[in-house]
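*Asks:* got a structure for you, letters missing:
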């Protein structure tokens, strides 16, 4: 939250002869209510809701939330894909030297002795003119028919994951909405504070010139210490005003980035938002409809189903499986090869139905243990939240009600302070009171003006805080 200005204490001059210097405050009371808006007729006006929408459109983090949902949907589709046939194929093509099969035979030598020549592949590796082409194709096929719970638990976990991502997106929107509201009300608050402070600085400078003149003319009751006190207060006011102007400049740069160059906010004065939900209504919404409830409920469901999924991995899969292999080599001559297929030419394959099982039980047991621990940890967090959330909501709601009463009573105090200051100015001009009473009246007026504006700002931001924390608009 952007702090607009520290509380400014108006400690001004004392002394009956300085009564005329305080007249600038009367003029300031009229100046502070004037807003120069004549040159903004052609600007695009944004209400608070329109500004929030424009802010969300510019926030690229919203795209990130959308992609998180798409990622969860992809996990769901991946689980569905497990029931479709899986086919893996490898294809290869390359050069191959000449191979020629020589069958086993019985030979007689010159001495009349017989010997057996074993079968052999004669290779002509170095004769590149005899090289040919080798083609290899391998394919594997599998399709589960029954997975003993793995498919259904994986599907349920994926569905819950989608709901979790959607709830996270809603929560992200709530946080961005509060950020946008902070900019909106901070801009209006800053403008009102500038309208309050700029004329005050101008009048203090005029009072300084008048006091210097009175010192030069040696007016009775006027001393150098009065001028020093006035200058001290002026310097305090100036550095606070400068800080406010720089913060105002930062806000304008941010709003220009969001809205462009030609814009204007619909509210020119800060006003109290209307928020009609009571504590029971907020609590009921939080427990049943809020994105936080959806996030917690579906998060628990996802972790529970993931735990069941890991348990089901101990069971086998029942399904179809098979493979096919084809080999062709143009430079291999196998005329006398005694078998149907040689290592270089032919095809092979099989297809059947059966069970597959992962026998790495120790590793799987640890995965089950980890999944259960995560699920139980989430259960404990959910139980803790169910006990503490009503208290936290009660705290925020009571803070809102306290600020509502603060706005009401400060508004009355503001009215009384203004009446008191008007009365003291009248008495001062008639000579019926001393300067200290007028100083106190002026100080009370400006303190209550700031407190009133700040109270409305704090009330509005507390409303936004409750909406962000619960989703209850």
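*Replies:* It's in. If you're wondering where the values come from, they're calculated on a predicted model, not measured in any experiment. Residues are numbered from 1 along each chain as shown.
*Asks:* Return, as residue ranges, the portions of this structure with sub-threshold pLDDT.
*Replies:* 1-41, 106, 108, 110, 112-115, 220-222, 428-439, 442 (pLDDT under 70).
*Asks:* can you give me the helices in it?
*Replies:* 23-31, 48-58, 61-80, 150-216, 224-259, 279-288, 291-312, 361-430, 435-470 (DSSP state H).
*Asks:* in the protein, which residue is closest to the centre?
*Replies:* residue 172 (4.5 Å; C-alpha atoms, centre = their mean).
*Asks:* Quick one: residues in contact with stretch 314-323.
*Replies:* For stretch 314-323, contacts defined as C-beta atoms under 8 Å, 6 or more residues apart in numbering pick out 85, 138-150, 349-358, 361, 364, 368. For the C-beta atoms, the positions are set from N, CA and C on the backbone; glycine is no exception.
*Asks:* what about 6 Å?
*Replies:* Contact partners of stretch 314-323, identified using C-beta atoms under 6 Å, 6 or more residues apart in numbering, comprise 140-148, 349-351, 353, 355-357.
*Asks:* Same question for stretch 248-263.
*Replies:* Contacts for stretch 248-263 (C-beta under 6 Å, 6+ apart): 43-44, 54-55, 58, 186-187, 190.
*Asks:* got the residues you listed as TSV, with neighbour count columns?
*Replies:* Converted to TSV, those look like this (neighbours: other C-beta atoms under 10 Å):
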residue	neighbour count
43	14
44	13
54	18
55	22
58	13
186	23
187	20
190	23
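*Asks:* Would you reformat those as CSV and include distance to residue 322?
*Replies:* Formatted as CSV, the contacts of stretch 248-263 follow (distance: C-beta to C-beta, whole Å):
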residue, distance to residue 322
43, 72
44, 67
54, 59
55, 58
58, 55
186, 68
187, 70
190, 74
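*Asks:* Can you tell me which of those residues comes closest to residue 422?
*Replies:* residue 190 (27.6 Å; C-beta to C-beta).
*Asks:* In space, what's closest to the closest one - neighbours in sequence excluded?
*Replies:* residue 248 (4.7 Å; C-beta to C-beta, 6 or more residues apart in numbering).
*Asks:* That neighbour and residue 197, how far apart?
*Replies:* 11 Å (C-beta to C-beta, to the nearest Å).
*Asks:* what about those two, which has more around it?
*Replies:* Shown here are residue 248 and residue 197; by other C-beta atoms under 10 Å, residue 197 has more neighbours (22 against 18).
*Asks:* which residues touch the residue sitting furthest away from the middle of the chain?
*Replies:* What lies farthest from the middle of the chain is residue 111; by C-alpha atoms, centre = their mean that is 96.3 Å. Applying C-beta under 6 Å, 6+ apart, we find residue 111 in contact with no residue.
*Asks:* And for residue 45?
*Replies:* By C-beta under 6 Å, 6+ apart, the neighbours of residue 45 are 264, 266.
*Asks:* in the sheet, who's paired with it?
*Replies:* Residue 45 has the following beta-bridge partners by DSSP bridges: residue 264.
*Asks:* Any idea how many residues pack against residue 42?
*Replies:* Neighbours around residue 42, by other C-beta under 10 Å: 7.
*Asks:* Nearest residue to it in space, ignoring adjacent ones along the chain?
*Replies:* residue 262 (7.1 Å).
*Asks:* packing partners for the strand ranked longest in the chain?
*Replies:* Counting residues, the longest strand in the chain under DSSP state E turns out to be strand 132-146. If you count contacts as 3 or more C-beta pairs under 6 Å, 6 or more residues apart in numbering; DSSP states H and E, strand 132-146 packs onto strand 86-96, strand 317-329.
*Asks:* rewinding a little: the residue nearest to residue 42: how many residues sit nearby?
*Replies:* If we define neighbours as other C-beta under 10 Å, then residue 262 has 10 of them.
*Asks:* Need phi/psi at it.
*Replies:* phi -100, psi 90 (degrees, to the nearest 10).
*Asks:* For it, give its distance to residue 57.
*Replies:* Residue 262 is 17 Å from residue 57, by C-beta to C-beta.
*Asks:* Give me the neighbour count for residue 174.
*Replies:* 20.
*Asks:* any idea how far residue 173 is from residue 290?
*Replies:* With C-beta to C-beta as the criterion, residue 290 and residue 173 are 12 Å apart.
*Asks:* Look at the two and report which has more neighbours.
*Replies:* A side-by-side neighbour count of residue 290 and residue 173, using other C-beta under 10 Å, places residue 290 first with 22 against 19.
*Asks:* which residues sit in contact with that one?
*Replies:* 470-471.
*Asks:* Next: the one 10 residues further on.
*Replies:* Contact analysis of residue 300 by C-beta under 6 Å, 6+ apart lists residue 378.
*Asks:* how close does it sit to residue 138?
*Replies:* Taking C-beta to C-beta, one finds residue 300 at 45 Å from residue 138.
*Asks:* Same check on residue 375?
*Replies:* Relative to residue 138, and taking C-beta to C-beta, residue 375 is found at 42 Å.
*Asks:* neighbour-wise, which of these two wins?
*Replies:* Ranked by neighbour count (other C-beta under 10 Å), residue 375 and residue 138 place residue 375 first, with 20 against 15.
*Asks:* Please name the nearest non-neighbouring residue to that one.
*Replies:* Here the residue nearest residue 375, using C-beta to C-beta, 6+ apart, is residue 303, at 4.1 Å.
*Asks:* Can you verify my assumption that the one you found contacts residue 378?
*Replies:* Yes. Residue 303 lies in contact with residue 378 (C-beta atoms under 6 Å); the separation is 5.2 Å.
*Asks:* And those two? Which one has more around it.
*Replies:* Comparing residue 303 with residue 378 by other C-beta under 10 Å, the one with more neighbours is residue 303, at 22 against 17.
*Asks:* can you pull the contacts of the more buried one?
*Replies:* Taking C-beta under 6 Å, 6+ apart, one finds 374-375, 378 in contact with residue 303.
*Asks:* Tell me the one among those nearest to residue 279.
*Replies:* Nearest to residue 279 among the contacts of residue 303, with distances taken as C-beta to C-beta, is residue 378, at 27.5 Å.
*Asks:* Next, count neighbours for residue 122.
*Replies:* Residue 122, neighbours per other C-beta under 10 Å, totals 10.
*Asks:* partner residues bridging it?
*Replies:* residue 100.
*Asks:* Quick check: the gap between it and residue 102.
*Replies:* For residue 122 relative to residue 102 (C-beta to C-beta), the value is 6 Å.
*Asks:* what does residue 279 give?
*Replies:* 97 Å.
*Asks:* Also residue 131?
*Replies:* On the measure of C-beta to C-beta, residue 131 and residue 102 end up 20 Å apart.
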